[in-house]
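Asker: Sequence and predicted structure are below.
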Amino acid sequence: MTGTTREVAGACPLDCPDCCSWLVTVENGVATGLRGNREHPITRGTLCVKVNRYLEQASHQDRILHPLRRIGAKGEGRFARIGWDEALDEMAAELSRIVDEYGGEALWPYQGTGALGYLQGVQGRAGTRLWNVLGASHHEMTICSIAGLTGLRYALGTSRGMDPEDFALSKLTLLWGTNTLTSGHHLWRFIEAGRKNGGHVVAIDPMRTRTAAAADEHLAPMPGTDGALALGLMHVIVASGREDNDFLSRHCFGWEDFRERVMAFTPERAASVTGVPAEQIRDLGDRIARTRPTAIRTSQGIQRHAGAGATLRALACIPAVTGDWHRAGGGLMFSTDTYFGGNREALFRDDLRPETVRKLSMTRLAEGLLEASDPPVMGLVVYGANPVVSTSDQNRVRAGLSRKDLYTVVLEHFPTDTVDYADLVLPATMQHEHTDLMDAYGHLYLAWNERAVEPPGECRSTTDTFRDLARRMGLREPSLYDSDERLAEQLLDSDHPSLRGITLDSLRTSGWARLNYPSPLAPFEHGFPTPSGKFEFVSAAAAADGLDPMPGYTPPLEVVDDEMAARHPFVLIAGASHFAINTIFGNNDELRRRAGPPAVVVHPDDALVHGLATGTRVRVFNSRGEFTADVLVDARVRRGVLSTTKGHWLKLTGGATVNATVDERDADMGGGAVFHDNRVSVEALETSQER
Ligand SMILES: Nc1nc2c(c(=O)[nH]1)N[C@H]1C(S)=C(S)[C@@H](COP(=O)(O)OP(=O)(O)OC[C@H]3O[C@@H](n4cnc5c(=O)[nH]c(N)nc54)[C@H](O)[C@@H]3O)O[C@H]1N2
Ligand SMILES: Nc1nc2c(c(=O)[nH]1)N[C@H]1C(S)=C(S)[C@@H](COP(=O)(O)OP(=O)(O)OC[C@H]3O[C@@H](n4cnc5c(=O)[nH]c(N)nc54)[C@H](O)[C@@H]3O)O[C@H]1N2
Ligand code: SF4
Ligand SMILES: [Mo]
């Protein structure tokens, strides 16, 4: 490389389990190339179809490069350019006014999953020190994984599980409500390695996704019924006497009670709940019983229903019944994000906030804006989030954001549907334009993301923006002004064994480091971090939280509601698109072309009954709202289910999207969202030939 060309190591910031390690080529101060790091054991030199376009996206003509002030009505998206000084003066004055008049809790720092890092993103709750000092309401990250994380904790004492690299050791892999090839494809190499070693791969998904199509076998349950399927599978194992009694008696708590529940759940009963034939349940139960180790990969898609937390809790019981929790290559993996033992307390500084602050749930934005009182929400600062598209009950979210007395600031890269409602828009940096430190929720490596180039226009990083704002507000707390490096040092200043041998300097030099855990890894060989030290079939903590003390099947709500089914015959699920990540890249022309317009996949039998054909343009609706989509008739979706994708921009599609139909309702645990527990009807608008 010449003197003016260099490669800078960084990492993908997006909400994807893979946290890829990347290298940015910088020529004369300009980023001219981006590639996956070949040295990194997970990335292995490839990014993905989306992030291959990251640099193109960074120089997109619509990139917001300067602060903007609203000049039109809320929702219109008309703005005038202003300077940073003016913007910060205005924001400081407005936030101070709100705090003085209504108290700090009238502020809602609404951070999303646009960037995951510990400095600029949501893992580090960027900006949280400022919000703590101001006494702002606490923003609860309920939108993605919380129900599953909570459910797992009752059984395991933690939400972590397998090291994904150990899928290479698995003889049977269940891809359960997860679309690996789309939503985090770097795991596939390990699954394939297991398969080459004689392993068998089963997908469990109402939809024959590209992942299910690549598996050896596919079961298609009704959405939200996986807990029943898990119980039916365990029944088969136990009824044939192939449970691991040694493991159950030595390492589990409450087995005898839970055993009774399992014995009551015959494959026939599971079949009637799930719609999966009893024969298929018997076959898979039998295969699990005779295959050691069996690994379950599950992720967020399975836990967007009323019984979300209970589902993950029930799934975690399978490796307890088989004893696989003690075998590397066996167990379950949902998320790895608690393997990193960084000093989050030192980073967050929650000691700076008042003793009690109100909590506001990310997925209840409409309720918060329209109904919260004492105090009402008067100031909303949105960053790394696009709630108009991503959050439930879109029409009410838009009504809330339209409130004339609400002061809204959005930190963004692009003029999103949410930006349209802002009073003030601040231009934000992208990953190669700022510094960050990342862990992953799909592997055990940390990454350092070195800033590679100067930010374009007047873009500022999240940390810079909040430091500048604190200064403008005249706040004296010294930790508000800590530099990015200082923040990283504070986070890494931990005696947790996972960080042994890792310093900021060492991480910076290599760009990435494996957390200090053995490989292969049997995560609970020294016990479970529960109160009993054992796997808990019976959980006092769950009982104390008003939940069933034992794992079981908690049905979805709308999916099984007969009265609603009579009105709205389809269950609608809206999973990850292959060509976008949430709403990010939703404005990239080439990726949009490849993704096609919003579509709903309908089973041929349902299409016949409802008079739908491929290309029929339909209105998809329920009492909450509606959106338009093109029908695709295909047997890859099970009967009674419609499948679409999340993340389409309202302004680039039909003016409303799937979340216009989704209820603002909590799942059983943690206040998780219920995106897939949603009934709708479809009605033809016109056929494509007429268009
Ligand atoms: N390309 C791409 N990658 C992404 C994302 C993206 O938008 N695009 N999103 C990122 C984010 S934020 C997340 S949280 C993860 C999500 O990662 P995944 O969980 O893999 O993604 P989803 O598509 O939400 O859900 C996975 C599958 O669950 C199925 N499913 C829905 N309901 C049920 C059910 O009740 N039971 C079962 N068994 N299956 C069900 C869906 O049909 C879908 O195929 O992916 C991340 N990666
Ligand atoms: N129907 C349905 N809805 C869903 C889901 C579903 O499966 N079905 N999935 C849900 C899930 S799992 C998730 S995680 C949520 C995601 O919902 P959100 O957290 O709202 O994520 P996005 O909608 O993609 O919005 C991220 C925004 O952050 C911006 N951004 C990215 N990096 C930065 C940065 O460094 N600084 C600033 N200031 N901005 C940045 C991007 O430009 C983008 O506009 O959506 C949820 N919505
Ligand atoms: S979105 Fe996922 S697969 Fe794509 S580059 Fe980022 S971390 Fe890697
Ligand atoms: Mo997510």
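Answerer: Thanks, I have it. Numbering: from 1, shown residues only. Ligands and ions are numbered 1, 2, ... in the order given.
Asker: Next, the contact list for the residue positioned nearest the centre of the chain, please.
Answerer: For the chain, the residue nearest the mean C-alpha position is Cys144 (3.9 Å; Cα atoms, centre = their mean). Contact criterion Cβ atoms under 8 Å, 6 or more residues apart in numbering gives 15, 113, 300 as the residues in contact with Cys144. C-betas here are computed from N, CA, C, even on glycine.
Asker: so it, which of the three states?
Answerer: Per DSSP: H, G, I helix; E, B strand; the rest coil, the local secondary structure of Cys144 is coil.
Asker: and the residue of the stretch 201-350 of the chain nearest ligand 3?
Answerer: Closest contact between the stretch 201-350 of the chain and ligand 3, by Cβ to the nearest ligand atom, is at Ser299 (12.7 Å).
Asker: Tell me the pLDDT of that residue.
Answerer: Per-residue pLDDT puts Ser299 at 98.
Asker: Please name the nearest non-neighbouring residue to it.
Answerer: Of all residues beyond its chain neighbours, the one nearest Ser299 is Thr178 (4.0 Å), with distances taken as Cβ to Cβ, 6 or more residues apart in numbering.
Asker: Can you report how many residues lie near Asp505?
Answerer: By other Cβ atoms under 10 Å, the residues close to Asp505 number 11.
Asker: One more: Asn245?
Answerer: As a burial measure, the neighbour count of Asn245 was computed by other Cβ under 10 Å and equals 12.
Asker: What distance do you get for it to ligand 2?
Answerer: Distance, Asn245 to ligand 2, by Cβ to the nearest ligand atom, to the nearest Å: 39 Å.
Asker: With Ala543 instead?
Answerer: Taking Cβ to the nearest ligand atom as the measure, Ala543 falls 29 Å from ligand 2.
Asker: One more: Leu492?
Answerer: Note on Leu492: its distance to ligand 2, by Cβ to the nearest ligand atom, is 21 Å.
Asker: I'd say that residue and Leu499 touch.
Answerer: Yes - taking Cβ atoms under 8 Å as the contact criterion, Leu492 and Leu499 are neighbours in contact, 6.4 Å apart.
Asker: joint contacts of those two?
Answerer: When contacts are counted by Cβ under 8 Å, 6+ apart, Leu492 and Leu499 are jointly contacted by Gly342.
Asker: The residue of the chain found nearest ligand 1 in helix, strand or coil?
Answerer: Of all residues in the chain, Gly301 sits closest to ligand 1, at 1.8 Å by Cβ to the nearest ligand atom. Here Gly301 is recorded as helix under three-state DSSP.
Asker: and the closest residue to it other than its chain neighbours, how many neighbours does it have?
Answerer: In space, not counting the residues next to it along the chain, Gly301 is nearest to Gly177; the distance is 4.8 Å by Cβ to Cβ, 6+ apart. Per other Cβ under 10 Å, the neighbour tally for Gly177 reads 28.
Asker: Same question for the one 10 residues further on.
Answerer: One way to gauge burial is a neighbour count; for Leu187, by other Cβ under 10 Å, it gives 25.
Asker: can you list the contacts of Cys144 in a markdown table and add distance to Val389 and neighbour count?
Answerer: Conversion of the contacts of Cys144 to a markdown table gives the following (distance: Cβ to Cβ, whole Å; neighbours: other Cβ atoms under 10 Å):
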| residue | distance to Val389 | neighbour count |
| --- | --- | --- |
| Asp15 | 14 | 22 |
| Thr113 | 12 | 24 |
| Gln300 | 17 | 27 |
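Asker: Of the residues you listed, which are in range of ligand 2?
Answerer: 15, 113, 300 (Cβ under 6 Å from any ligand atom).
Asker: my read is the first one is in a strand, agree?
Answerer: Looking back up the chat, that one is Asp15. No - the assignment for Asp15, made by three-state DSSP, is coil rather than a strand.
Asker: which ones are touching Leu444?
Answerer: Neighbour list for Leu444: 163, 165, 336, 339, 514-515, 517 [criterion: Cβ under 8 Å, 6+ apart].
Asker: Against Cys19, how distant is the nearest residue to it once chain neighbours are set aside?
Answerer: The shortest distance from Leu444 to any residue that is not its chain neighbour, by Cβ to Cβ, 6+ apart, is 4.8 Å, and that residue is Leu515. In this structure, Leu515 and Cys19 are 12 Å apart, going by Cβ to Cβ, to the nearest Å.
Asker: shared neighbours, those two?
Answerer: Taking Cβ under 8 Å, 6+ apart as the contact definition, Leu515 and Cys19 share the neighbouring residues 439, 445.
Asker: of these two, who's got more company?
Answerer: For Leu515 and Cys19, the more surrounded residue by other Cβ under 10 Å is Cys19, and the numbers stand at 29 against 23.
Asker: Just to be sure, that one is in a helix?
Answerer: No - checked against three-state DSSP, Cys19 lies outside a helix; its state is coil.
Asker: For it, give me its contacts.
Answerer: Taking Cβ under 8 Å, 6+ apart as the criterion, Cys19 is in contact with 11-12, 42, 116, 438-443, 445, 447.
Asker: pLDDT score assigned to the residue nearest to it when sequence neighbours are not counted?
Answerer: The shortest distance from Cys19 to any non-neighbouring residue, by Cβ to Cβ, 6+ apart, is to Ala440 (3.4 Å). You'll see Ala440 listed with a pLDDT of 98.
Asker: count of neighbours near Ser59?
Answerer: Using other Cβ under 10 Å, Ser59 has 11 other residues around it.
Asker: Distance-wise, check it relative to Ile281.
Answerer: The gap separating Ser59 from Ile281 is 52 Å, by Cβ to Cβ.
Asker: Then Pro518?
Answerer: Using Cβ to Cβ, Pro518 is found at 35 Å from Ile281.
Asker: And those two? Which one has more around it.
Answerer: Ile281 (26 against 10).
Asker: Quick check, the more buried one in contact with Leu233.
Answerer: Yes - using Cβ under 8 Å, Ile281 is in contact with Leu233, at 6.4 Å.
Asker: Now the common contact residues for the two.
Answerer: A shared contact of Ile281 and Leu233, defined by Cβ under 8 Å, 6+ apart, is any residue touching both; here these are Ala270.
Asker: mean confidence score for the helix ranked longest in the chain?
Answerer: Using DSSP state H to assign secondary structure, the helix with the most residues in the chain is helix 84-102. The average pLDDT for helix 84-102 rounds to 98.
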